[in-house]
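# Provide a 3D model corresponding to the input given below.
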Amino acid sequence: MSKYFEYVHTVCFEETNIVGNVYYVNYLSWQGRCREMFLKERAPDVLADLQDDLKLFTLKVDCEFFAEITAFDELSIRMRLTELAQTQVEFGFDYLRLNQDGSETLIARGRQRVACMRGPNTRTAPARVPESLVRALEPYAS
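Here you go, the predicted model:
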């Protein structure tokens, strides 16, 4: 099994600016999409828990850029577990352009820190990372 969870994405025109470069905010959006697809595929019971009272609050995101990408570039966004605490999880993301010759180019690297909370919206409190999520993340620890 890979040490990362992979989400493959094709860049579209709507994700670029007037000169054809990808908007910064899309990198952060792709982090969220990768995390959501991970939950859907590897921890679906956590999705059900999110319908109840579990909340995953994104505390911090960052992204460091190494190269530009444009419309119709195919990307692999690879997520790893970088830290697991009692109530928080930190993910690392590598963004790689999948070149037509089969090679890959590292485009960017990012991180995202998430806190688990429970309770009604007006009175949420820190909560332990669900055990099913811990188990689902184990293979992706860096």
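
# Below-threshold pLDDT in the chain: ranges please.
For the chain, the stretches flagged by pLDDT under 70 are 1-2.

# For the longest helix belonging to it, which helices and strands make contact with it?
Ranked by residue count and defined by DSSP state H, the top helix of the chain is helix 24-42. Applying 3 or more C-beta pairs under 8 Å, 6 or more residues apart in numbering; DSSP states H and E, one finds that helix 24-42 contacts strand 5-10, helix 44-51, strand 54-65, strand 74-84, strand 88-98, strand 104-118, helix 131-137. Quick note: C-beta positions are derived from backbone N, CA and C, even for glycine.

# Pull out the buried residues from it.
For helix 24-42, the neighbour count (16 or more other C-beta atoms under 10 Å) marks 26, 27, 28, 30, 31, 34, 35, 37, 38, 39, 42 as buried.

# mind listing what the last one touches?
Read it as residue 42. With contact set as C-beta atoms under 8 Å, 6 or more residues apart in numbering, residue 42 has these partners: 5, 136.

# quick one: it from residue 132, how far?
9 Å (C-beta to C-beta, to the nearest Å).

# got it, and the third one?
With the distance defined as C-beta to C-beta, residue 28 ends up 26 Å from residue 132.

# how close does the residue nearest to residue 129 when sequence neighbours are not counted sit to residue 87?
The shortest distance from residue 129 to any non-neighbouring residue, by C-beta to C-beta, 6 or more residues apart in numbering, is to residue 116 (5.2 Å). Residue 116 sits 5 Å away from residue 87, going by C-beta to C-beta.

# Pick out the residue nearest the middle of the chain.
Residue closest to the average C-alpha location in the chain (C-alpha atoms, centre = their mean): residue 31, at 3.2 Å.
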